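A.B. asks: no FASTA, just this:
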């Protein structure tokens, strides 16, 4: 008997640590890198929202122009691009015209445009651009440089998303987390990851910070266990994610604060007290604080925040905060749809019925969490939903007089991602044991639904850019066909296979983690 117990003591911690092993983070990184790279290749140059402005900012920064210059007669500052990076508005002839393929666009850097480019992000925080823009130093081929910068941005985001995925599955008690973490690979997340847009790293860093802060606070709430990630590793994830999130966009420091407060509320204030009472926490906190101060200082010092808009720029310019909040809340469904999947410059939504492939597993996960969890778990899930809806409304409402209603669903995607993660966390608590038998089944079904959604979305968007979506009135398209690198068919097949492999891997993890939790409960 003693020998059997000794064997179990050796095996069980290993099994319970399965989901937090190095292999999971590397496999997750590979999947996210592949998916984001496929989106990077499938999207025509500047077909991602604001990508033209961000590329101009990145390239100019890498060639020595720290901020743009004010020019008389120009509404926004201008940056000066190097030779070979001529920009012409004709590149984006298909924007807002979904019946037109991307074939109508001229090539970036073909010599017909200007190297003096007006961009509204000319004074944005330089950190993201400095990380992703260096391929522009290696080539005079502007189009190739954009694809390279996209892939580099995707690799950066993939590290953050892989950390979030790994920590979501950190034991003990993670049987529902494979399904919750599967939403990290939904199309809009990897679409923006594979673009030159700080929104992508904002989303990925937000996901990593959600899970990193939650698991770190749990370490302070409970006695140390050998099957949990060590504090130094959790602090590394939290610090890197917080630094990148704070400096992705001007609103970054607020997102860091919101996530930190939400995670403390979820785990308990006692854990935060223990963290602040631990001397080793302060160097990490100092780095996060310094990064946040730099972000605020840069925004205030360079005028990086949005300036006063004209009434022709956006609706509700000059309106009161109350009007702004109400307008935001009335459009909650629009923001949710955009966060789930509205590609291009908000000109490529998916067919309405397609969204149910994503809504079904998400709704089931949330419903089970609020009906089958304990009081704390229910409050965490409801709180995550409230944050995703109310915080954007308050943020936009406060500044609507100056900016007008400029919100888009992608701005709050890092908050929406907290909902499935919170639901999985709540169900994985001991109070959810009576529903434990459902976890592997729901993970397999939910993973396959998410695979169908992702594959369909990729094919639909590819069709939009290669041949155009038929006009709903006369059924016409532009007729001309655009071809991405590697070809449309090859990219669609690769994406379908990659997302299927990811769904199967998530299902397998769901089975293994559920089995590990059950074994640990019997021998814990």
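C.D. replies: Noted; the coordinates are in hand. Source: prediction; values computed, not measured. Numbering: from 1, shown residues only.
A.B. asks: what about residue 66, which SS state?
C.D. replies: Using DSSP: H, G, I helix; E, B strand; the rest coil, the structure places residue 66 in coil.
A.B. asks: element containing the residue nearest in space to the middle of the chain, please.
C.D. replies: Taking Cα atoms, centre = their mean, the centroid of the chain lies closest to residue 203, which sits 2.7 Å from it. Per DSSP states H and E, residue 203 falls inside helix 198-221.
A.B. asks: so what touches the next helix or strand after that helix?
C.D. replies: Next along the chain after helix 198-221, taking DSSP H and E as the criterion, comes helix 231-248. Outside helix 231-248, the residues within contact range by Cβ atoms under 8 Å, 6 or more residues apart in numbering are 125, 127-128, 160, 163, 167, 198-199, 201-202, 205-206, 208-209, 211-213, 215-216, 219, 252-253, 255-256, 259, 280-281, 284, 287-288, 291-292, 294-295, 298, 414. In short, each C-beta sits where N, CA and C put it, glycine included.
A.B. asks: need the phi and psi values for the residue nearest to residue 463 when sequence neighbours are not counted.
C.D. replies: Closest residue to residue 463 apart from its sequence neighbours, by Cβ to Cβ, 6 or more residues apart in numbering: residue 469 at 6.9 Å. Note on residue 469: its backbone torsions stand at phi -90, psi 130 [degrees, to the nearest 10].
A.B. asks: what about residue 469, how many neighbours?
C.D. replies: Using other Cβ atoms under 10 Å, residue 469 is surrounded by 20 other residues.
A.B. asks: swap in residue 237?
C.D. replies: By other Cβ under 10 Å, 23 other residues sit near residue 237.
A.B. asks: and the pLDDT at it?
C.D. replies: Listed pLDDT for residue 237 reads 98.
A.B. asks: how about the contacts made by the closest residue to it other than its chain neighbours?
C.D. replies: In space, residue 237 comes closest to residue 212 once its chain neighbours are excluded; the distance is 3.9 Å by Cβ to Cβ, 6+ apart. Listed by Cβ under 8 Å, 6+ apart, the contact set of residue 212 reads 163, 164, 167, 234, 237, 238, 241.
A.B. asks: how near is the closest residue in space to the third one that isn't next to it in sequence to residue 166?
C.D. replies: Spelled out, it's residue 167. Closest residue in space to residue 167, ignoring its immediate chain neighbours: residue 211 at 4.1 Å, by Cβ to Cβ, 6+ apart. The gap separating residue 211 from residue 166 is 8 Å, by Cβ to Cβ, to the nearest Å.
A.B. asks: overlap in contacts, those two.
C.D. replies: Shared contacts of residue 211 and residue 166 (Cβ under 8 Å, 6+ apart): none.
A.B. asks: quick one, what contacts residue 313?
C.D. replies: residue 404.
A.B. asks: okay, and it sits in which element?
C.D. replies: Applying DSSP H and E, one finds residue 313 in no helix or strand.
A.B. asks: before we move on, what about residue 182?
C.D. replies: Following DSSP H and E, one finds residue 182 within helix 177-182.
A.B. asks: distance from that helix to the middle of the chain?
C.D. replies: Helix 177-182 sits 15 Å away from the centroid of its parent chain (Cα atoms, centre = their mean, to the nearest Å).
A.B. asks: buried residues in it?
C.D. replies: In terms of neighbour count (16 or more other Cβ atoms under 10 Å), helix 177-182 has its buried residues at 177, 178, 179, 180, 181, 182.
A.B. asks: check stretch 221-241 too.
C.D. replies: By neighbour count on 16+ other Cβ under 10 Å, the buried set for stretch 221-241 is 227, 228, 229, 231, 233, 234, 235, 237, 238, 239, 240, 241.
A.B. asks: again with stretch 356-363
C.D. replies: Here stretch 356-363 shows 357, 358, 361, 362 as buried, counting by 16+ other Cβ under 10 Å.
A.B. asks: JSON lines for the buried residues of stretch 221-241, including distance to residue 438?
C.D. replies: Listed next are these as JSON lines, based on distance: Cβ to Cβ, whole Å:
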{"residue": "227", "distance to residue 438": "24"}
{"residue": "228", "distance to residue 438": "25"}
{"residue": "229", "distance to residue 438": "27"}
{"residue": "231", "distance to residue 438": "33"}
{"residue": "233", "distance to residue 438": "31"}
{"residue": "234", "distance to residue 438": "29"}
{"residue": "235", "distance to residue 438": "34"}
{"residue": "237", "distance to residue 438": "30"}
{"residue": "238", "distance to residue 438": "31"}
{"residue": "239", "distance to residue 438": "36"}
{"residue": "240", "distance to residue 438": "35"}
{"residue": "241", "distance to residue 438": "31"}
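A.B. asks: flag the shaky bits of the stretch 201-350 of the chain, pLDDT-wise.
C.D. replies: 222-227, 304-308 (pLDDT under 70).
A.B. asks: repeat that with 80
C.D. replies: Within the stretch 201-350 of the chain, the segments meeting pLDDT under 80 span 222-228, 303-313.
A.B. asks: kindly report the same for the chain.
C.D. replies: Scanning the chain for pLDDT under 80 picks out the ranges 1-22, 72-73, 75, 171-173, 222-228, 303-313, 432, 471-480, 516-524.
A.B. asks: now with 70, please.
C.D. replies: 1-21, 222-227, 304-308, 472-479, 517-524.
A.B. asks: you'd agree the residue nearest to the centre of the chain is up against residue 416?
C.D. replies: No: judged on Cβ atoms under 8 Å, residue 203 makes no contact with residue 416 at a distance of 9.4 Å.
A.B. asks: about what we covered before: among the contacts of residue 212, which two are most distant?
C.D. replies: 164 and 234 (12.1 Å; Cβ to Cβ).
A.B. asks: for the residue nearest to residue 351 when sequence neighbours are not counted, grab the count of nearby residues.
C.D. replies: Once flanking residues are discounted, residue 351 sits nearest to residue 460: 7.4 Å by Cβ to Cβ, 6+ apart. By other Cβ under 10 Å, the residues close to residue 460 number 18.
A.B. asks: and what of the one 5 residues further on?
C.D. replies: Each residue near residue 465 was counted by other Cβ under 10 Å, and the total is 26.
A.B. asks: renumber starting at 42 from here on
C.D. replies: Got it, the first residue is 42 from now on, which makes the last one we talked about residue 506.
A.B. asks: isn't it right up against residue 88?
C.D. replies: Yes: assessed by Cβ under 8 Å, residue 506 is found in contact with residue 88 at 6.4 Å.
A.B. asks: okay, and the common contacts of these two?
C.D. replies: By Cβ under 8 Å, 6+ apart, the residues touching both residue 506 and residue 88 are 135, 143, 385.
A.B. asks: tell me the spacing between the first one and residue 238.
C.D. replies: In this structure, residue 135 lies at 18 Å from residue 238, with Cβ to Cβ as the measure.
A.B. asks: could you do the last one as well?
C.D. replies: Using Cβ to Cβ, one gets 13 Å for the distance from residue 385 to residue 238.
A.B. asks: against residue 339, how distant is residue 94?
C.D. replies: Note on residue 94: its distance to residue 339, by Cβ to Cβ, is 17 Å.
A.B. asks: more neighbours, these two?
C.D. replies: A count of neighbours by other Cβ under 10 Å puts residue 94 above the other of residue 94 and residue 339, at 21 against 18.
A.B. asks: wait, what's in contact with the more buried one?
C.D. replies: Neighbour list for residue 94: 160, 161, 162 [criterion: Cβ under 8 Å, 6+ apart].
A.B. asks: number of nearby residues for the first one?
C.D. replies: It stands for residue 160. Residue 160 is flanked by 21 other residues according to other Cβ under 10 Å.
A.B. asks: how near is the residue nearest to residue 278 to residue 317?
C.D. replies: Going from residue 253 to residue 317 by Cβ to Cβ gives 17 Å.
A.B. asks: same deal with residue 71?
C.D. replies: Separation of residue 71 from residue 317 (Cβ to Cβ) stands at 37 Å.
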